[in-house]
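[1] okay, predicted coordinates and the sequence, questions at the end:
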Amino acid sequence: MNIREIEYITIPVSNLEVSLRFYHEVFDLRIVDLPNGDKGADLRKMFLDFHLEDRVDHPISFGLIAKDSMAAIKAHLINYFVDIVDEPTTKTEVRRKVNSITILDPDQNRIEVNEFR
């Protein structure tokens, strides 16, 4: 088997409208209807699948890659009053250096926003 990409990530959400607004406004993602009946966000090669739950007991963690500078990313998050849980840091990933900032969505799902250098 030769896996090349991730097709989707399922994100548990307790309030669909709040989550759709968050991901659309903060990340400028297009909201789409998925074949399974869920709403999703289009990331071109993959989807975020928003799965409605009564209550999110087990938030997930995932990373996104942004093309903006870290200074622009942080300013944008502050302008949208997003909870920043880890300030920007520089680290070495498998093949390159990356600047990362970690935030929480409305259901406490942890999102690392990365700027690769």
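    Noted; the coordinates are in hand.

[2] from residue 91, how far off is residue 117?
    Here the criterion is C-beta to C-beta, to the nearest Å. By it, residue 117 lies 11 Å from residue 91. For the C-beta atoms, the positions are set from N, CA and C on the backbone; glycine is no exception.

[3] which neighbours do these two share?
    Listed as contacting both residue 117 and residue 91 by C-beta atoms under 8 Å, 6 or more residues apart in numbering are 97, 98.

[4] please, where are all the strands along the chain?
    Assigned by DSSP state E, the strands in the chain fall at 8-13, 30-33, 39-42, 47-52, 61-65, 83-92, 97-104, 110-116.

[5] now do the third one: which elements does it pack against?
    Identification of packing neighbours for strand 39-42 by 3 or more C-beta pairs under 8 Å, 6 or more residues apart in numbering; DSSP states H and E yields helix 16-27, strand 30-33, strand 47-52.

[6] which of the ones you listed is buried the deepest?
    strand 47-52 (a mean of 18; mean count of other C-beta atoms under 10 Å).

[7] perfect, that will be all.
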